[in-house]
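Asks: Model the structure of this input:
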Amino acid sequence: MAQQRIAPAVVWFTGLSGSGKSTIAKALGVLLCERGVEFEHLDGDAIRAMFPNTGYTRQERDEHIRRVGYTASLLEKHGVTVLVSMVSPYRESRDYVRSLCRRFVEVYVATPLEVCEKRDVKGLYARARRGEIPFFTGISDPFEEPTNPEIVVNTVKESEREAARLILRYLAEM
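Replies: Below you'll find the model as predicted:
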């Protein structure tokens, strides 16, 4: 049976820190690679490591997401499927990125806060709860859940591989 062609798209993973965004994106990347699909993964932590002066206020986050979104839209226009895993807590910023892209797939990784906190090997949630990290999404700064994402996954109920397969199926049927 021939594999369906997957047209370039921007797959935007949003959710709390520790929800599984990057893990699912990596699993999806493996599946795309197996099918010969050109893709790039733009990971929020990796991008911030390259640009360490990127801040966390609402304005700074909005600017950062717009830059990453613009980059993703350019890659998509040149035939690359782009996997973006960023907390991206504000609807308005995500909607702006959607407007830049031809095919935008918002994936809400809807893992509950208490599960994200238990997974936090870096201790960021504990530091945020002690007031050591200002503007920490889910603790001292809001996360605006997507109102109409194309895909919702919950890593408590499904594995990253199952979530990746669900997203791949969606991309193949678009």
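Asks: C-alpha only now, for contacts and for neighbours.
Replies: Will do.
Asks: Near the residue lying closest to T137 once chain neighbours are set aside, how many other residues are there?
Replies: Spatially, and ignoring its direct neighbours in sequence, T137 is nearest to F143 (5.9 Å; C-alpha to C-alpha, 6 or more residues apart in numbering). Neighbours of F143 under the rule other C-alpha atoms under 10 Å: 18.
Asks: ok, H64 - contacts?
Replies: T54 (C-alpha atoms under 8 Å, 6 or more residues apart in numbering).
Asks: Look up which helix or strand it falls in, please.
Replies: helix 58-77 (DSSP states H and E).
Asks: how far does that helix sit from the chain's center?
Replies: Its chain's C-alpha centre and that of helix 58-77 lie 12 Å apart, by C-alpha atoms, centre = their mean, to the nearest Å.
Asks: per-residue confidence averaged over that helix?
Replies: Across helix 58-77, pLDDT averages out at 96.
Asks: Okay, buried residues for that helix please.
Replies: In terms of neighbour count (16 or more other C-alpha atoms under 10 Å), helix 58-77 has its buried residues at 61-62, 64-66, 68-70, 72-76.
Asks: any chance of the residues you listed in JSON lines, plus distance to Y125?
Replies: Output for the buried residues of helix 58-77, formatted as JSON lines (distance: C-alpha to C-alpha, whole Å):
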{"residue": "R61", "distance to Y125": "18"}
{"residue": "D62", "distance to Y125": "22"}
{"residue": "H64", "distance to Y125": "22"}
{"residue": "I65", "distance to Y125": "22"}
{"residue": "R66", "distance to Y125": "25"}
{"residue": "V68", "distance to Y125": "25"}
{"residue": "G69", "distance to Y125": "26"}
{"residue": "Y70", "distance to Y125": "30"}
{"residue": "A72", "distance to Y125": "29"}
{"residue": "S73", "distance to Y125": "32"}
{"residue": "L74", "distance to Y125": "34"}
{"residue": "L75", "distance to Y125": "33"}
{"residue": "E76", "distance to Y125": "34"}
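Asks: I'd say P142 and P89 touch.
Replies: Yes: using C-alpha atoms under 8 Å, P142 is in contact with P89, at 7.0 Å.
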